[in-house]
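Student: any chance you could fold what I've pasted below:
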Amino acid sequence: MNFSSLFNSNGGFTCITQIKMKSKGIYYGDSPFKMTTQMLLVQICVSSLCISILQFLLTPFGQTAFTAQMIGGIILGPSVLGKNPAFWKSIFPDSSLYFSQTYALFGCMMFLFLIGVKMDLHMIRKSGKRGVVIGFCNFFLPLVIVLGLAHNFRKTETLDPIISNSIYCVASLMSLSSSHVITCLLTEMKILNSELGRLALSSSMISGMCSWTLALSSYMIFESSNNGRHDDMLELSLSFVSLVLVIVCILRPIMHWMIDQTAEGKSINESYVFSIFLMILVTALIGEIIGLHFLVGPVILGMFVPDGPPLGSAIIEKLETFTSAILLPLFYVVNVSRTNLSIISMKNLLTLAVIALGSSAGKIVGSMLPAMYYKMPLDDALSLGLVMSAQGICEVIISGRALVLGYIDDESYSIMILCMIFFTGLIAPLVKKLYKPRTYKSHKRRTILHSRPDSELRLLACIFRENCTSSLLNLLEVSNPSFERPICFYLVHLLVLDGRSTSMLVSHRPGKKKPARAASSEHIINAFKLYQQQNVGTLTVNPFTSIAPFVTIHQDVCELALDKRVAMVIVPFHKRFTMEHTDNFANSTIRTVNRNILENSPCSVGILVDRGTLPSNTLLFASRTSYRILLVFIGGPDDREALAYAMRMAEHPNVNLTVIQFVDSSLKDQKHNQRGLDFDLINEFKLANVGSLAFKEERVADGLEIIARIQGLENKYELVLVGRSHVNDSAIFGGLTEWNEFPELGCIGDMLASSDSKCKASLLVVQQQIFVGDGKLESSPFIEGPAFAVVDIGKAWPHS
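Tutor: I've put the predicted structure just below:
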């Protein structure tokens, strides 16, 4: 660092500090640790590494990223490592703080903008009376409590003069809340799309708007009073309204124009993304010019960016990881490092801690009471109150701004940071302990086997890609909808949630306005609607689109299946094959969705492995003289469910059904319950006088013999049905469970669908409903093997 001189406008000289930005390198005698650019890089690395390590250590204890980031800031600050002058001067020298703060605030600005992009403002309208009441109570009750406590302490206790002057401001800051913070917390806890998460998010938008209004109004009043110009408040308010109008009336239409210029399914133009960056910087600049915080403009802009693809998702994809992992840690270090534990007195700590406790209690009670009034269970209401009491990055920003402006002192700020860490650190573990997401267990049997023969059959099919449409249409055709036995078919197009935080389940009813993202389902829906028109009176199609993270999208499927009393959910296998046996795609995410549906479904489940043997359209199906279906029957509830479905298919005039029952020749002492049910259903099949039926009984000694028999038959049929699990008291399965590639298909299904199989037939693997009410319907265990072990239903499937 040295000084240089420049001419000023008056003809004199002005001395300015010249900071050396770049090092020539150690070989030329320069130390990179004395140069601003290199020091900024060191600070980014140290901050990101420290916080990443803390997050790795704290995550097993249920802590969120915010707790790790705050603790990391304290560790690197003057309270711990910063006590050592050598460390502080080496990593955070005074000459670098200006650049570090600029970089940190830029990262914070981008982070809050991205959170705004993910938010759905329509949640306020959809929240209903319950969300509005909870939001207002969550704001006003803690505010009244903390102001009352602050007034009482000031009148009855002998406080330090500095604390006494700022106690009302500190109390007000502690009562604030933000929907940005609640969104981050719910996302990390993976309950954002649960019933509790949606209510908390909509309620937090109400309380967050009240909090931001209070903060901005207080700032305007204080600044106007300090400057002695009360007219400034009106001017500042009009300037703020003008900024919002510019964003809503000018910038948002420009963003919609960008979307209109982008072809469906195509990525957004890079120049448009660059334009969004310019809008962020311009709105931040305007906020500073009119006297507001520079974060106000980008936060509001983010909330009005059209969510989802192509624009919102593109922005999230390009910025989220870099902002959260690289930019944001330095913000916490720079801001939280202002915390100095050595200046805190015990008396002041206890005083402000009581106010912080009152604020948290007010938020919890203010959320619980209206929630319980609207018949929410006590545990869920308490979980909601805990979530709504969380504080985070927005409170850190506002408190830091209050410190800079002199509204609060260093000691109060340090105590507020400690209270944030303590109370927020308790929230996530408690909520995880208390809140149990909804389980999808029917109190009645929801299976094809237990459906009345003369009643409407309800099926639900999931579809991920448009190229799965034809196979599902023809499976629907082979299910034989008729006037005597009609089918009510629910179709759910599953789309991954991009560029927004709240999921949607869209019903495509005529005349109902649908979000733009759901427009990608139209081609699929039109195909099924056309098929419905060809089968008037025998088939009803009800299309839906689910837009959610694939980690939780199964919840929409299971909830819809439960509410609509569906007998079977049909999902496509995550791999798709052609007649030549080559893979078109393999998606591990789809595989995880299928496993979650298998584990949580309130009804039976079928996994369809399409190899292209199903006709490409229903007209071709109708023209065929016969369509050959094979059912492999070994025994157990899943096989019985598959047989019940096959018997319905056999009523189709073009279907030839063959049932092969494999019997263990060495098994003598058979279970009466399982084998009695199998025997009754097989007898019913033999006596049935419908369609073209054939039955064979094959006695086998081991698994190799089963494989040999099936491989000799598999290419003589267009579709093979098999149960996912079978009776487990036979030794013939010993060799079938050792090297399973796809355990979700069961032993036989895995053999037919594996990469080593020469089977060219399509495959439908059936699992019968597992749960009824709070208990298991029938045991459906897999046989343990070295490759996998599924001992009990209710445990998560192992992730690939």
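
Student: find the centremost residue of this protein, please.
Tutor: Per CA atoms, centre = their mean, the C-alpha nearest to the average position across the chain is that of P549, at 4.4 Å.

Student: chain neighbours aside, what residue packs nearest to that one?
Tutor: Distances taken as CB to CB, 6 or more residues apart in numbering place L497 nearest to P549, at 4.9 Å, with adjacent residues excluded. Using the backbone N, CA and C atoms, a C-beta is placed for each residue, glycine as well.

Student: touching, the one you found and S546? I think so.
Tutor: No: counting by CB atoms under 8 Å, L497 stays clear of S546, with 9.4 Å between them.

Student: return every residue with contacts to both of these two.
Tutor: Residues touching both L497 and S546 (CB atoms under 8 Å, 6 or more residues apart in numbering) are S503.

Student: list the residues that contact the residue nearest to the centre of the chain.
Tutor: 193, 496-497, 503.

Student: switch to 10 Å and redo it
Tutor: 187, 190, 192-193, 496-498, 501, 503, 555, 589 (CB atoms under 10 Å, 6 or more residues apart in numbering).

Student: quick check: it vs D664, distance?
Tutor: Distance, P549 to D664, using CB to CB, to the nearest Å: 44 Å.

Student: likewise for L472?
Tutor: 35 Å.

Student: and S451, by the same measure?
Tutor: In terms of CB to CB, S451 sits 30 Å off from D664.

Student: what of S275?
Tutor: Per CB to CB, S275 is found 70 Å from D664.

Student: swap in Y490?
Tutor: From Y490 over to D664 (counting by CB to CB), the distance is 39 Å.

Student: repeat that for Y219.
Tutor: Distance, Y219 to D664, by CB to CB: 79 Å.

Student: and for T658?
Tutor: 21 Å.

Student: can you check F111 too?
Tutor: Counting by CB to CB, the gap from F111 to D664 is 62 Å.

Student: return the helix or strand in this structure with minimum mean pLDDT.
Tutor: strand 2-7 (a mean of 40; mean pLDDT, DSSP states H and E).

Student: the nearest residue to T351 once chain neighbours are set aside: which element?
Tutor: Excluding the flanking residues, the one nearest T351 by CB to CB, 6+ apart is F153, at 5.7 Å. According to DSSP states H and E, F153 maps onto helix 128-156.

Student: just checking, next helix/strand downstream of that helix?
Tutor: helix 161-174.

Student: for the helix or strand just after that next one, buried residues please.
Tutor: Of the helices and strands lying after helix 161-174 in sequence (DSSP H and E), the nearest is helix 179-189. Using 16 or more other CB atoms under 10 Å as the burial criterion, the residues of helix 179-189 that qualify are 179-187, 189.

Student: swap in stretch 383-390?
Tutor: 383-390.

Student: could you dump these into TSV with pLDDT, distance to H652 and secondary structure added?
Tutor: TSV is the format used below for the buried residues of stretch 383-390 (pLDDT from 0 to 100; distance: CB to CB, whole Å; DSSP: H, G, I helix; E, B strand; the rest coil):
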residue	pLDDT	distance to H652	secondary structure
S383	92	50	helix
L384	92	51	helix
G385	93	56	helix
L386	94	55	helix
V387	93	52	helix
M388	92	55	helix
S389	92	59	coil
A390	91	57	coil
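
Student: what is the nearest of these to L149?
Tutor: Distance to L149 across the buried residues of stretch 383-390 (CB to CB) is lowest for S389, with 15.9 Å.

Student: hmm, the closest one is touching A428, no?
Tutor: No: judged on CB atoms under 10 Å, S389 makes no contact with A428 at a distance of 11.8 Å.

Student: what's the first helix or strand after the top helix by length along the chain?
Tutor: Once the chain is assigned using DSSP state H, the helix that runs over the most residues is helix 195-227. Toward the C-terminus, helix 195-227 is succeeded by helix 231-246 as the next helix or strand (DSSP H and E).

Student: what residues does the helix or strand just after that next one touch?
Tutor: Later in the chain than helix 231-246, the nearest helix or strand by DSSP H and E is helix 252-260. When contacts are defined by CB under 10 Å, 6+ apart, helix 252-260 is touched by residues 246-247, 268-269, 271-273, 275-276, 279, 301, 304-306, 308-312, 516.

Student: ok, now with 6 Å
Tutor: Residues outside helix 252-260 that contact it (CB atoms under 6 Å, 6 or more residues apart in numbering): 272, 304, 306, 311.

Student: run the angle between that helix and helix 231-246 for me.
Tutor: Put simply, helix 252-260 runs at 20 degrees to helix 231-246, going by axes from the mean of the first three to the mean of the last three CA atoms, to 10 degrees.

Student: just the buried positions in the next helix or strand after helix 252-260, please.
Tutor: Sequence-wise, the next helix or strand downstream of helix 252-260 (DSSP H and E) is helix 270-289. Under the neighbour-count criterion of 16+ other CB under 10 Å, helix 270-289 has 272-273, 276, 279-280, 283-284, 286-287 buried.

Student: with stretch 212-224 instead?
Tutor: Going by neighbour count (16+ other CB under 10 Å), the buried part of stretch 212-224 is 212, 214-216, 218-220, 222, 224.

Student: got the CA positions of whatever helix or strand N542 lives in in CSV?
Tutor: N542 is part of strand 539-548, with elements assigned from DSSP H and E. C-alpha atoms of strand 539-548 as CSV (Å, rounded to 0.1, in the frame of the first residue of the first chain):
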residue,chain,number,x,y,z
LEU,A,539,-63.7,-45.4,-20.0
THR,A,540,-63.2,-42.1,-18.2
VAL,A,541,-59.9,-40.3,-18.3
ASN,A,542,-58.9,-37.8,-15.6
PRO,A,543,-55.6,-36.1,-16.4
PHE,A,544,-53.3,-34.4,-13.8
THR,A,545,-49.9,-32.8,-13.9
SER,A,546,-47.7,-33.0,-10.8
ILE,A,547,-44.8,-30.5,-10.6
ALA,A,548,-42.6,-31.3,-7.6
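
Student: for that strand, which strands pair with it and how are they oriented?
Tutor: strand 487-496 (parallel), strand 504-507 (antiparallel) (DSSP bridges).

Student: after the last one, next one along is what?
Tutor: So that's strand 504-507. That would be, after strand 504-507 and using DSSP H and E, helix 522-534.

Student: what residues sit buried inside that following helix?
Tutor: Those would be 524-525, 527-528, 531-532, for helix 522-534 by 16+ other CB under 10 Å.
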